[in-house]
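Chemist: Next one to model:
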Amino acid sequence: MDWDKNLISKKDLLARYGISYGSLYRWKRKGLIPDEWFIRKATVTGQETFFPEELICERMERILSTKEDTLLDELAAKLSGEEQTNCTVVIETAYGQHTYKLSDVRKITISGEGGRKDVTQKIMEILNAE
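Modeler: Numbering: from 1, shown residues only. This is a model prediction of the structure:
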């Protein structure tokens, strides 16, 4: 996933869903929003927080649609139960290391001279064989 093209700023996220800064961070503390989704980047106005847009919007809609009927702790437990047990993808580059929960990965592509190639299924097959 090309993170730079698919990010939404915290300000835009809060405005889109009509939630407060406090709610967002309360949901983070309760485990409803993974810490690794909070991406801090330098901008011309200083440092800002961004999120992978597709993942965070899907999660926000789920939280908002169920929060009236379900306690946040119950929703957090349900979301964590849906995730594969501690399986992560670690990507190391010259610029650092990033870890993602496998359940958060939507697509893995490799770009080269022949264009982009989706390798998601191959990687899942490797993981399932172990």
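
Chemist: quick one: the nearest residue to residue 78 once chain neighbours are set aside from residue 8, how far?
Modeler: In space, and not counting its chain neighbours, residue 78 is closest to residue 70: 7.6 Å by CB to CB, 6 or more residues apart in numbering. All C-beta spots, glycine's among them, are computed from the backbone N, C-alpha and C. Distance, residue 70 to residue 8, using CB to CB, to the nearest Å: 25 Å.

Chemist: Report the secondary structure state of the residue lying closest to residue 66 once chain neighbours are set aside.
Modeler: Ranked by CB to CB, 6+ apart and with sequence neighbours excluded, the top spatial neighbour of residue 66 is residue 75, at 5.8 Å. Assigned with DSSP: H, G, I helix; E, B strand; the rest coil, residue 75 falls in the helix class.

Chemist: List the contacts of residue 75.
Modeler: Shown in contact with residue 75 (CB atoms under 8 Å, 6 or more residues apart in numbering): 32, 63, 66-67.

Chemist: And for residue 48?
Modeler: 9-11, 40-41.

Chemist: among those, who's most crowded?
Modeler: When neighbours are taken as other CB atoms under 10 Å, the top entry among those is residue 10 (17 neighbours).

Chemist: Okay, and the beta partners of the nearest residue to it once chain neighbours are set aside?
Modeler: Residue nearest to residue 10 in three dimensions, not counting chain neighbours: residue 49, with 4.3 Å by CB to CB, 6+ apart. When bridges are called by DSSP bridges, residue 49 pairs up with residue 40.

Chemist: Can you report how many residues lie near residue 49?
Modeler: Using other CB under 10 Å, residue 49 has 15 other residues around it.

Chemist: Surely it and residue 8 touch.
Modeler: No. In this structure, residue 49 is not within contact of residue 8 by CB atoms under 8 Å, at 10.1 Å.
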